[in-house]
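[1] build me a structure from this.
(2 chains)
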Amino acid sequence: MKKIFAIFIAKQAAFWSRIFGRGGGGALPGLLALKINPEIVKELTTNLDKGVILVTGTNGKTTTSKMIVEILKASGLKVLSNSGGSNLTRGIASELALKSSIFGNIKDEIGVYEVDEATMPEVMRFVKPKAIVITNIFRDQLDRYGEVDKTAAILKKSIQDSPESTLILNADDPIVASLGKDRENTLYFGITDERLEAKSDLAIDIKDCLICGHELVYPHRYYGHIGQYVCENCGFVRPKTKITAKNVRLSPDNTAATITVDKESENLSLPMTGLYSLYNALAAISTGDFMKVDHKTILKALGKLTPAFGRMETFEVNGKKAVIHLVKNPTGFNQVLEAITQNRKNKTALIALNDNFADGTDISWIWDVEFELFKAGFRKIIVSGIRSEDLRLRLKYANITSRIIETEKDLKKALDTAVSETDVSETLYILPTYTAMLDIRNNLVQKGILKDYWTK
Amino acid sequence: MQKLTIFHLYPDAMNLYGDLGNITTLVRRMHERAIDVDLLDIKRGDKADFKYADIVFMGGGQDRGQKAIADDLARRGKEIKSEVEKGLVALTICGGFQLFGKYFKTSDGEMLEGISVFDAYTVGSGKRCIGNIVIDTSDQKWNSPVKTLVGFENHSGLTYLEGKTKPLGKVITGYGNTGEKKYEGAVYKNCYGTYLHGPVLPKNPHFADHLILSALRRRYGNSANLKKIDDSIEIAAHEAAITRAKTAKTVHI
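    Model prediction:
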C-alpha cells in the first residue's frame, strides 16, 4: 500500500511540476516517494528482469550512461535510466516511480543509472547491480567530497559490499584500476596509443602508487593521471585490457579509433570530440560487450549518438553556431579546452562560474585550469556568473589581454552579448558550471532554441 | 637588477587547492616591479640550502600527501627554523601550516610531527570547517588600506596557538583555526600560516606585496620599496568575495 501511495504522489508531483513550468520534476517526485516509502527503489528495481547497471566516477557519468542506454536499446532491450540528470537516490526513485504503473509494474527490462560517487553507498543499499562502471576519479568539488582519496575509499567500500557485481574499470586511471585488484569479476578498458601526449601538468591527483606509496612511472601519460603507468617498487601496473582503443584520430567534431575486443578489431567513428569522449565510449562498449550485444550493433549505435544534456550540445542562435559544455572540475575543463582548441578557426567564449551547492562552493579549482589555452584563436571572451570577478582575475593571470575580455555578471545579458559578439563564421563556446548551465539552457529553451531535457 | 629566490616546497604532493596560483601571483607581481625571480621546486630528497631562499611557500595536500612529505620536512626543520629566526619570509597553507606547527594529531590518533616554526599544534576533529571566510587583519602593520583577507577554508584539523605565535587575523565570516569563529592563521616573525585558500594571494594582492616587500628589504635593506601597480581586477574579486561570504551557505560533511 505504501508503495502505491509513494508512486501516486511521485506521479502527481511530476504532473504539477510540468504544469507550472518548474521543469521535469527531476528529483522532487523521487524525494517524495522516498519519504513515503524508503524502500521504494529496492521494491521497484526487483521488477527489472535483466537487472541494473550503475555508472559512477568523476567525469563522463552522464555521457557514458547515455551511450550505454543507446547501445542496449539498439540491441532491442527496453531500458530505464535517470536521464533527467539527478544522480542522487531521489533521481533514481523518480524515474522508477514515474515509469512504473501505479501497482509498481514496469515494462522496462534493465536499468542504467548514473550515480554520484558520494551517493554510491546509499544506492548500493537498495540495488545489487549486475555491473558497476567506473569512468575515472579526479579532484572534484572538494568542499563536498573532501579529497580524491576519500572518493576512492567510498567507492572501494561500496563495491566490496557487492562481490557478485562485475566491475567495468578504466585501466588507464591508476586510482580506478586499483579498485579491481584481487577481484575476479573485473573487465578493463583503456587506450594504447604512444602518439598521445599530455599537454597539461596541472591538477594531477596522484603520483604515488596506491598499493605501496612509491612514485609511479608513466611511460605514456595522456592527461591528468590517465595513461600507461607502472610502479617500479611493488610492480603495480596498468592491468591488461579486454577492450582497447588504438590508432586514435581526434578532430574538432569527431573521434575515430580502432577498437579491439579480445582479438577482434572494428573501427569506431564517434560524433564527439576529445579523448575523454573516447574513454566514455570505451566504458560503454565494454558494458555492451558484457551484456553480449553484437559489436557491430554497439559501434553503429555510438556512431549515431547525439550529445547528452549540456555536454557539447550544438545549436544555432541568430544564424550562429554555438556549443554548450558543462565544466565542473579542472581535469574536465582542461579536456574540454584541449578539444575546443582543435578548432583552429576564430572563436568566442562565454564562461560562467557559479558557486552554488550543486556547482561546488569552493572555486579555487579554476587555478588548476589551463586558461592560457584561451590564447589560441579566441577573439572575445565574456565572463559571467556569481563569481565572475574571480574568473576575470584568473584570465588576467593567464596573460589574456584585457582587450578581448568583457565581464557581465548577469547570465541572460551575458548570453545576449556573447551571441551578438560572435560572427557568423565563428563558433561560440559556452562553458558554464552546473547551475549556470541550467540557467543558460532555460534561457535558450524560452527563446525556442533548445528543448527541455525531459522532452528530448 | 634585484632578484628574489622562491622555494616551493613539495609542489607535487601538496597542491590540492589551486595553490600554484599563489606562486603565479608572487612571480607576476615581482616581474611587474622588474624583480628577477628564481623559482625552485623542492621535492622529497632534493638538496636545498635555505640560506639562499627569500620566500618559502608550502601548500595544502591530501592526508596521503602530508604523510608522504612529513619525514622529509622534518629533516629540514632545524635549518628552516633557524632561517625564519633570521627573518626568512614564508607562507604556508592548510596542510603546510599544520606541519609548520609542533604536531598534527589526526582524528585516528596518529601523530604527525611538525617542525615547530610556529608555537602551535593541531588536533583532528570529526567535523570539517568548510566555506567562504573573511578575516580582519588590521593588527598587521601592512602598508595597505585593505584590512581584510578573503578566501575559502576546508579543514578538519583545529589549530591552537601558543607563546610568541600570534594569529593572522580575527574571523569576520567563517570558522577560523579552532572552528569557533575567533582567530585565523598564524604569524611568527616573517612566517605566515593560514587555512585560507582560493588561492589566497591572487585576491589579496596587499598580502602578496607584503611578503615580497619583506623579502626584498631582508635582502636589499630597508630602503627597498615596491612600485604601485593596477590592482582594480584583484580588488574587485576581493570585494566580491566579501559580499559572497555573507550570503553563501556553508556545508558540513
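[2] what kind of secondary structure is whatever residue of the stretch 1-150 of chain B ends up closest to chain A in?
    Minimum separation of the stretch 1-150 of chain B from chain A (Cβ to the nearest Cβ) falls at B:G18, amounting to 3.0 Å. (Glycine included, C-beta is placed from N, CA and C.) Classification of B:G18 by DSSP: H, G, I helix; E, B strand; the rest coil places it in coil.
[3] tell me the domain boundaries of chain A?
    Per the record, chain A has its domains at A:2-303, A:311-446, by automatic domain parsing.
[4] for chain B, what is the nearest residue in the stretch 351-456 of chain A?
    Nearest residue of the stretch 351-456 of chain A to chain B (Cβ to the nearest Cβ) works out as A:W367 at 3.0 Å.
[5] where does the prediction get shaky in chain A?
    In the predicted model, chain A carries pLDDT under 70 at residues A:1, A:19-26, A:83-85, A:142-146, A:200-205, A:452-456.
[6] tally of neighbours for residue 79?
    Going with chain A. By other Cβ atoms under 10 Å in any protein chain shown, 20 other residues sit near A:V79.
[7] ah, I was thinking of chain B
    If we define neighbours as other Cβ under 10 Å, then B:E79 has 15 of them.
[8] contacting residues around the strand or helix carrying it?
    Remark: B:E79 resides in helix B:63-85, with elements defined by DSSP states H and E. Residues outside helix B:63-85 that contact it (Cβ atoms under 8 Å, 6 or more residues apart in numbering or on different chains): A:147, A:149, A:208, A:213, B:9-10, B:13-16, B:44-45, B:48-51, B:53, B:56, B:61, B:88, B:90, B:95, B:98-99, B:104, B:106, B:112-117, B:188-191.
[9] any idea of the mean pLDDT in that helix?
    Here helix B:63-85 scores 93 as its mean pLDDT.
[10] buried ones in it?
    For helix B:63-85, the buried set under the neighbour-count rule, 16 or more other Cβ atoms under 10 Å in any protein chain shown, comprises B:63-70, B:72-73, B:76-77, B:80-81, B:83-84.
[11] I'd guessed the residue of the stretch 351-456 of chain A closest to chain B sits against B:L20; true?
    Yes. Using Cβ atoms under 8 Å, A:W367 is in contact with B:L20, at 6.4 Å.
[12] so what sits against both of those two?
    Common contacts of A:W367 and B:L20 (Cβ under 8 Å, 6+ apart): B:P199.
[13] so what's the residue nearest to the spatial centre of chain A up against?
    Among the residues of chain A, the one closest to the centroid is A:G60, at 2.4 Å (Cα atoms, centre = their mean). For A:G60, the contact set (Cβ under 8 Å, 6+ apart) comprises A:135-136, A:276, A:279-280, A:283.
[14] now render these as TSV, adding neighbour count and distance to chain B.
    Output for those, formatted as TSV (neighbours: other Cβ atoms under 10 Å in any protein chain shown; distance: Cβ to the nearest Cβ, whole Å):
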residue	neighbour count	distance to chain B
A:T135	27	21
A:N136	25	17
A:Y276	26	21
A:Y279	28	24
A:N280	33	26
A:A283	28	26
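[15] just flag the most distant two among those residues.
    A:Y276 and A:A283 (10.8 Å; Cβ to Cβ).
[16] am I right that A:I92 is in a helix?
    Yes. The assignment for A:I92 is a helix, going by three-state DSSP.
[17] surely it and A:V41 touch.
    Yes. Between A:I92 and A:V41 a contact is recorded at 5.8 Å, counting by Cβ under 8 Å.
[18] shared neighbours, the two?
    Common contact partners of A:I92 and A:V41 (Cβ under 8 Å, 6+ apart): A:123, A:127.
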